[in-house]
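Asker: the following comprises the amino acid sequence and a computationally predicted model.
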Amino acid sequence: MSVDGGEVPYYYKDDHVTIYHGDCLEIMPTLTFDVVVTDPPYGLSLNMSNRSRKRGALATANDYPDVIGDDQPFDPEPFLSLGVPLVLFGGNHFGSRLPDSPTWLVWDKLDGLTSKREIGFNDQADCELAWSNLGGPARIFSHRWMGAMKAGRDARTKRRHPTEKPVELMTWVILQVPDGVILDPYMGSGTTLRAAKDLGCKAIGIELEERYCEIAANRCAQEVLDLKRALS
């Protein structure tokens, strides 16, 4: 562990990414950033280590630490008060505590699957919603991510985090937000940071569970993909 600027110890740092291990509400006031993109705990009290799955589930359950902070309602106020562009996944779970906004980002996880025969057993949502204050109309991104049916990933590949998002999704989200340093205060396994680095953007991640800090650091230490060239 090293010290950044003589103030807050950082867990990992390179030319694009900085990772902090700790409580985001304590660390965030010491940082400088321009945009927040994150998938916070929703207050669903999911017990990941004992989570049961019905027969016919399309992915094997793994043992994960419980999502820290998921045992109480999420309060978005500390982030709303920042006055910066925000993207908050799971906004439909705490929508009564958010301002009205036309600019919801929708992740279509079925990507063309329509019939029960195609979908099979599915105890998860067909889509996920992210509230934002970006302005403009709602946008939708289709990328299949349901049980073992995950676009761009071998079905045998285990998730790194119980609520892991695909890099393709977070790449799309980052392309929706203004340029600047991106903060993910609930970093998880570091998908937002990995996507930012591949796009040549600077990003900061904060995570309370050290196991995920290690996973994110290992992901971010890998070679950068030239996504800007590929997307141009």
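Answerer: Nice, I can see it. Everything quoted here is computed from the prediction, not taken from an experiment.
Asker: which strands and helices sit next to the host helix or strand of Leu175?
Answerer: Secondary structure assignment for Leu175, by DSSP states H and E: helix 167-176. Contacts defined by 3 or more Cβ pairs under 8 Å, 6 or more residues apart in numbering; DSSP states H and E place helix 167-176 against strand 35-38, strand 105-108, strand 139-142, helix 191-198. C-beta coordinates here come from the backbone N, C-alpha and C atoms, glycine included.
Asker: give me the mean pLDDT for the next helix or strand after it.
Answerer: Per DSSP H and E, helix 167-176 leads on to strand 182-184 as the next helix or strand towards the C-terminus. If you average the pLDDT over strand 182-184, you get 98.
Asker: stretch 168-178 too?
Answerer: Here stretch 168-178 scores 97 as its mean pLDDT.
Asker: now do the buried residues in it.
Answerer: Residues of stretch 168-178 classed as buried: 168-174, 176-177 (neighbour count, 16 or more other Cβ atoms under 10 Å).
Asker: ok, back up a step: what does the helix holding Leu175 rub up against?
Answerer: With Cβ atoms under 8 Å, 6 or more residues apart in numbering as the test, helix 167-176 has contacts from 37, 87, 105, 107, 130, 132, 134, 139, 141, 143, 145, 151-152, 182, 191-192, 194-196, 198-199, 201, 227, 231.
Asker: are any of these buried, and if so which?
Answerer: Listed as buried from the contacts of helix 167-176 are 37, 87, 105, 107, 130, 132, 134, 141, 143, 145, 182, 191-192, 194-196, 198-199, 201, 227; burial here means 16+ other Cβ under 10 Å.
Asker: report all helices and strands that the host helix or strand of Ala216 contacts.
Answerer: Secondary structure from DSSP H and E places Ala216 in helix 210-220. Judged by 3+ Cβ pairs under 8 Å, 6+ apart, helix 210-220 is in contact with strand 12-13, strand 17-21, helix 191-198, strand 203-207.
Asker: for the last one, C-alpha coordinates in PDB please.
Answerer: Taking only C-alpha atoms (Å, rounded to 0.1, in the frame of the first residue of the first chain), the coordinates of strand 203-207 have been written out as PDB:
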ATOM      1  CA  ALA A 203     -10.600   6.700 -13.100                       C
ATOM      2  CA  ILE A 204     -10.700   6.300  -9.300                       C
ATOM      3  CA  GLY A 205     -12.200   3.300  -7.500                       C
ATOM      4  CA  ILE A 206     -13.100   2.900  -3.800                       C
ATOM      5  CA  GLU A 207     -14.000  -0.500  -2.300                       C
END
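Asker: partners of that strand in the sheet?
Answerer: strand 17-21 (parallel), strand 182-184 (parallel) (DSSP bridges).
Asker: can you list contacts of the last one?
Answerer: The contact list for strand 182-184 (Cβ under 8 Å, 6+ apart) reads 28, 31, 33-38, 174, 192-193, 196, 201-206.
Asker: show me what Tyr20 bridges to in the sheet.
Answerer: Taking DSSP bridges as the rule, Tyr20 bridges to Ile206.
Asker: pLDDT weak spots in this structure?
Answerer: Within the chain, the ranges that satisfy pLDDT under 70 run 1-6, 43-71, 114-123, 146-163, 225-232.
Asker: which residues does Phe141 bridge with?
Answerer: Bridge pairing for Phe141 - DSSP bridges - gives Trp107.
Asker: that one is in contact with Lys109, isn't it?
Answerer: No - in this structure, Phe141 is not within contact of Lys109 by Cβ atoms under 8 Å, at 9.9 Å.
Asker: out of the strands paired with strand 203-207, which is closest to Leu82?
Answerer: When these are compared by Cβ to Cβ, strand 182-184 sits nearest Leu82, at 9.0 Å.
Asker: burial count for Asp34?
Answerer: 14 (other Cβ atoms under 10 Å).
Asker: many thanks, we can stop here.
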